[in-house]
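*Asks:* Structural data only, the sequence is not supplied:
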């Protein structure tokens, strides 16, 4: 979440949570498209974009993400 906060401070921010969720949906579609190309580098980039956006959804929802405990 710290990276997300730093990015927001530099101007990389959405106007509201709905805009972040729209971006999340966009990132899912981009990942789905790349999965069919089998281009590993692009798939990794899209997964990173998706994860970054999920973190921003959590930040906007004021959810502190925690790492799951080991089973």
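*Replies:* Received the coordinates, thanks. The structure displayed is predicted, hence computed values, not measured ones.
*Asks:* Next up, the contacts around the most centrally placed residue in the chain.
*Replies:* Centroid check for the chain by C-alpha atoms, centre = their mean gives residue 53 as the closest residue, at 1.8 Å. For residue 53, the contact set (C-beta atoms under 8 Å, 6 or more residues apart in numbering) comprises 20, 23-24, 27. No exception for glycine: its C-beta is placed from N, CA and C like everyone else's.
*Asks:* Helices of this structure, start to end?
*Replies:* 2-9, 17-35, 40-60 (DSSP state H).
*Asks:* Show me what counts as buried in the longest one.
*Replies:* By neighbour count, with 16 or more other C-beta atoms under 10 Å as the criterion, the buried positions of helix 40-60 are 46, 49-50, 52-57, 59-60.
*Asks:* Save those as JSON lines, and put in pLDDT and distance to residue 67 too.
*Replies:* Below are the buried residues of helix 40-60 laid out as JSON lines (pLDDT from 0 to 100; distance: C-beta to C-beta, whole Å):
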{"residue": "46", "pLDDT": "95", "distance to residue 67": "22"}
{"residue": "49", "pLDDT": "92", "distance to residue 67": "21"}
{"residue": "50", "pLDDT": "93", "distance to residue 67": "18"}
{"residue": "52", "pLDDT": "89", "distance to residue 67": "17"}
{"residue": "53", "pLDDT": "92", "distance to residue 67": "19"}
{"residue": "54", "pLDDT": "92", "distance to residue 67": "14"}
{"residue": "55", "pLDDT": "89", "distance to residue 67": "13"}
{"residue": "56", "pLDDT": "90", "distance to residue 67": "18"}
{"residue": "57", "pLDDT": "93", "distance to residue 67": "17"}
{"residue": "59", "pLDDT": "89", "distance to residue 67": "16"}
{"residue": "60", "pLDDT": "92", "distance to residue 67": "20"}
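*Asks:* how about those residues in CSV, adding distance to residue 66?
*Replies:* Rendered in CSV, the data for the buried residues of helix 40-60 read as follows (distance: C-beta to C-beta, whole Å):
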residue, distance to residue 66
46, 25
49, 22
50, 19
52, 18
53, 19
54, 14
55, 12
56, 17
57, 15
59, 14
60, 17
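*Asks:* if we take those residues, which one ends up nearest to residue 39?
*Replies:* Each of those was checked against residue 39 using C-beta to C-beta; the closest is residue 46, at 9.7 Å.
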